[in-house]
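1. Turn this into a structure:
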Amino acid sequence: MALFDFFKRDKGKEVFPQDADAQAKAEAISKEIKRAGLSDDLEVKVEGSSVRVLGTVPDPEARQKLMMIIGNIKGVEKVEDESGGLQQAGTQQQAERPRVYEVQSGDTLSAIAKREYGDANAYNRIFEANTPMLKDPDDIYPGQVLIIPEPSTASA
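-> Sure, this is the predicted structure:
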């Protein structure tokens, strides 16, 4: 079982009222996944602040983005990908856990790229790895968790 911990219950994108029941939260998360264009074929289950996702994704990159989109929702602390649950199309293998970074106050994608790659102009690597979660490179917030692609596999 892969488990992504986010530990930021009070931060993130608001997609449901905090007093919503588990079914309403699952439906709101499903709508957010569809809005991001990742998959229509997923089952979302919510228990407290944990979210479990079952279904099929096309590739490891889509799986990682899915985990980040869900984990960046306010009120979600853990995203579970149980064995036999979320699978890549055509394979039983699970993708490796991505390298991630939690945005701090005052951060910009350029500053993060400078710290991670030594080149502020490499911010687009991070932006591309986090679309469709990010719509604009200037629209990040403290507490948001971003995928940081490895320099050797990132495209410029």
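2. CA only for contacts and neighbour counts going forward, please
-> Noted.
3. how far away is residue 43 from residue 21?
-> Separation of residue 43 from residue 21 (Cα to Cα, to the nearest Å): 16 Å.
4. Among these two, which residue is more densely surrounded?
-> Legend: neighbour count by other Cα atoms under 10 Å for residue 43 and residue 21, higher for residue 43 (16 against 13).
5. who's the more buried one bridged to?
-> Beta-bridge pairing of residue 43 under DSSP bridges involves residue 54.
6. Might one say that it is in contact with residue 53?
-> Yes - with contact defined as Cα atoms under 8 Å, residue 43 and residue 53 form a contacting pair (5.7 Å).
7. ok, which stretches of the chain are strands?
-> Counting by DSSP state E, the chain has these strands, from start to end: 2-5, 42-47, 50-57, 78-81, 86-88, 100-102, 145-147.
8. The longest helix seen in the chain: how far from the chain's middle?
-> Of all the segments of type helix in the chain, defined by DSSP state H, the longest one is helix 22-35. Relative to its chain's centre, helix 22-35 lies at 14 Å (Cα atoms, centre = their mean, to the nearest Å).
9. Stretch 67-76 too?
-> Once both centres are worked out by Cα atoms, centre = their mean, stretch 67-76 turns out to sit 6 Å from its chain's centre.
10. Need the contact partners of it.
-> With contacts defined as Cα atoms under 8 Å, 6 or more residues apart in numbering, stretch 67-76 is touched by 4-15, 18, 29, 33, 49-51, 77-79, 133, 144-147.
11. hey, what's residue 145 bridged with?
-> Going by DSSP bridges, residue 145 is paired in beta bridges with residue 102.
12. The contacts of stretch 67-76, buried ones only, as a PyMOL selection?
-> Typed into PyMOL, the line below selects the buried ones among the contacts of stretch 67-76, using 16 or more other Cα atoms under 10 Å:
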select buried, resi 4+6+8+9+11+12+13+29+33+50+51+77+78+79+133+144+145+146+147
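13. domain assignment for the protein?
-> Annotated domains of the chain cover 2-88, 100-147 [automatic domain parsing].
14. Make JSON lines out of the ones you listed and add mean pLDDT.
-> Shown next, in JSON lines, are the domains of the chain (pLDDT from 0 to 100):
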{"stretch": "domain 2-88", "mean pLDDT": "83"}
{"stretch": "domain 100-147", "mean pLDDT": "94"}
